[in-house]
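K.L.:
Below: sequence and its predicted model.
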Amino acid sequence: MPGADPLHVLAGFGLNRAVSELMDSIYPERDRSAWIVARRPPRATADPFMPHGFFLEEELSASHRLVSSAVILLTNRECPWRCLMCDLWKHTLARSVPPGAIPRQIDYALGRLSALPQQVKLYNSGSFFDPGAIPLADYAAVAQKVSCAAHLVVESHPRLIGEHALKLRDLLDSSLEVAMGLETVHPEVLPRLNKNFSLSVFAKAAGFLRHHGIAVRAFVLLKPPFLNEAEGLEWAVKSAEFAFGSGVEVLSLIPTRAGNGALDRLREAGEFAPPRLPTLERAVEAVLELRHGRVFADTWDLEQFSGCAACFDQRRQRLQQMNHHQIAPPKIGCRVCGDP
């Protein structure tokens with residue numbers, strides 16, 4: 001792989017068994033889930049009847065209007081997959097929530113927002129269509145709780161897309177959108193993320209949803225592990241192209257973050273570094289130029305990607321302008337850091 005550590009090259013030619021063993025100790029080929037879990041920091045204490053977060057934001061809708069969007073971070077059982085870059089498990093439970101808990105969480109959050117939203121995102125640290133996370137018996141109550149909004153977004157692993165999505169769709173008064181983590185189409189990196197799906201599985205899931213009148217959103221990682229800065233940008237754009245070609249209408253670009261234990265270990269080994277803020281700007285610009293769908297930069301905790309306090313606020317505002325208007329404003333051109 002271009003930009004790979006020299007250790008990988010040596011191991012690839014079989015020149016040094018010790019090097020291969022060292023690589024395997026950094027990130028093993030087998031039992032990756034166990035390796036990932038073993039490096040986790042402690043899990044937070046979570047209440048099955050309380051969401052672990054909720055807030056209002058503005059998002060550009062399919063009709064290109066800015067709408068109020070309620071994001072509700074539901075508390076439920078941890079996802080059955082152990083993805084290399086995931087930190088969402090920190091606010092999950094080791095067991096399934098009891099029936100009725102999820103509707104109570106939604107009711108709690110909506111009742112404390114300053115206004116009723118036009119859109120609701122139910123993000124649950126895993127897959128909405130995992131019955132161990134969201135009980136099927138709660139679907140009707142969930143649909144009733146979000147009836148104030150015209151559009152609902154839920155998230156799911158591509159392997160869980162099927163009849164459960166249709167059941168939820170049929171219970172809603174609103175339109176439905178399903179967000180799926182594509183992450184990357186890099187042929188070597190995607191398998192190493194431990195996502196346990198192929199690109200054909202993602203495309204099939206997206207096609208199923210579109211066929212049944214359900215909108216599709218994709219999450220794409222900017223600079224996942226094992227890529228340098230230039231490769232991270234290149235493959236984010238390639239991943240966006242694949243997503244749009246599979247029927248995705250909304251694409252969220254997520255700068256890859258450390259802090260889950262596994263990525264911190266890879267960072268120590270020189271196999272990962274978070275992307276720089278100007279790279280996120282360039283990625284959004286490049287994907288906007290594809291002109292295939294709406295593109296949003298994930299701006300949560302954005303300051304950690306900035307290396308320059310002098311231009312940070314301007315760059316954050318520029319990303320927000322791109323999110324809201326889908327047009328790239330003039331570049332910043334910071335005199336302090338020299339970044340465009």
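P.N.:
Good, I have the coordinates.
K.L.:
Now do the same for residue 12: its pLDDT.
P.N.:
On pLDDT, residue 12 comes in at 46.
K.L.:
ditto for residue 24
P.N.:
pLDDT at residue 24 comes out at 68.
K.L.:
What of residue 8?
P.N.:
So, for residue 8, pLDDT stands at 47.
K.L.:
list the contacts for the closest residue to residue 175 other than its chain neighbours?
P.N.:
Ranked by Cβ to Cβ, 6 or more residues apart in numbering and with sequence neighbours excluded, the top spatial neighbour of residue 175 is residue 151, at 5.0 Å. Placement of C-beta: from N, CA and C, glycine included. By Cβ atoms under 8 Å, 6 or more residues apart in numbering, the contact set of residue 151 is 61, 67, 118, 119, 120, 174, 175, 176, 177.
K.L.:
The last one should be in a strand, yeah?
P.N.:
This means residue 177. Yes - counting by DSSP: H, G, I helix; E, B strand; the rest coil, residue 177 falls inside a strand.
K.L.:
Nearest residue to residue 311 in space, ignoring adjacent ones along the chain?
P.N.:
residue 334 (3.7 Å).
K.L.:
these two touch, right, the one you found and residue 309?
P.N.:
No - assessed by Cβ atoms under 8 Å, residue 334 is found out of contact with residue 309, at 10.3 Å.
K.L.:
elements contacting the longest helix seen in the chain?
P.N.:
When the chain is parsed with DSSP state H, its longest helix is helix 229-245. Judged by 3 or more Cβ pairs under 8 Å, 6 or more residues apart in numbering; DSSP states H and E, helix 229-245 is in contact with strand 175-183, strand 215-222, strand 250-255, helix 277-288.
K.L.:
Now render these as a markdown table, adding distance to residue 161.
P.N.:
Below are the helices and strands packed on helix 229-245 laid out as a markdown table (distance: least, Cβ to Cβ, whole Å):
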| stretch | distance to residue 161 |
| --- | --- |
| strand 175-183 | 7 |
| strand 215-222 | 9 |
| strand 250-255 | 16 |
| helix 277-288 | 23 |
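K.L.:
Out of these, which is closest to residue 166?
P.N.:
strand 175-183 (9.6 Å; Cβ to Cβ).
K.L.:
So which elements touch the closest one?
P.N.:
Secondary structure elements in contact with strand 175-183, counted by 3+ Cβ pairs under 8 Å, 6+ apart, are strand 151-155, helix 163-171, helix 199-211, strand 215-222, helix 229-245, strand 250-255.
K.L.:
out of the ones you listed, deepest packed?
P.N.:
Of all these, strand 215-222 carries the top mean neighbour count, a mean of 24, counting by mean count of other Cβ atoms under 10 Å.
K.L.:
Specify the angle between that one and strand 151-155 in degrees.
P.N.:
Angle between the axes of strand 215-222 and strand 151-155 is 50 degrees (criterion: axes from the mean of the first three to the mean of the last three Cα atoms, to 10 degrees).
K.L.:
Which of the helices and strands in the chain ranks last by mean pLDDT?
P.N.:
Across the helices and strands of the chain, the lowest-confidence element by mean pLDDT, DSSP states H and E is helix 6-12, at a mean of 43.
K.L.:
How about the contacts made by residue 44?
P.N.:
Shown here is residue 44, whose contacts under the criterion Cβ under 8 Å, 6+ apart are 52, 90, 91.
K.L.:
switch the cut-off to 10 Å
P.N.:
With contacts defined as Cβ atoms under 10 Å, 6 or more residues apart in numbering, residue 44 is in contact with 52, 75, 89, 90, 91, 92.
K.L.:
ditto for residue 193
P.N.:
32, 81, 83-86, 181, 183-184, 186, 221, 224-226.
K.L.:
can you tell me the helix or strand for residue 190?
P.N.:
Assigned by DSSP states H and E, residue 190 belongs to helix 189-192.
K.L.:
Please work out the average pLDDT along that helix.
P.N.:
97.
K.L.:
circling back to that earlier point, for the contacts of residue 44, pick the one with the most neighbours.
P.N.:
Highest neighbour count within those, by other Cβ atoms under 10 Å: residue 75, with 23 neighbours.
K.L.:
So for residue 334 and residue 309, which residue has more residues nearby?
P.N.:
residue 334 (16 against 10).
K.L.:
Quick one: residues contacting residue 209.
P.N.:
Neighbour list for residue 209: 156, 158, 161-162, 165-166, 169, 176-178, 180, 215-217, 247-248 [criterion: Cβ under 10 Å, 6+ apart].
K.L.:
quick one: it from residue 216, how far?
P.N.:
Distance, residue 209 to residue 216, by Cβ to Cβ, to the nearest Å: 5 Å.
K.L.:
Tell me, how many residues neighbour the residue lying closest to residue 219 once chain neighbours are set aside?
P.N.:
Excluding its sequence neighbours, the residue lying closest to residue 219 (Cβ to Cβ, 6+ apart) is residue 181, at 4.4 Å. For residue 181, the count of nearby residues is 25 (other Cβ under 10 Å).
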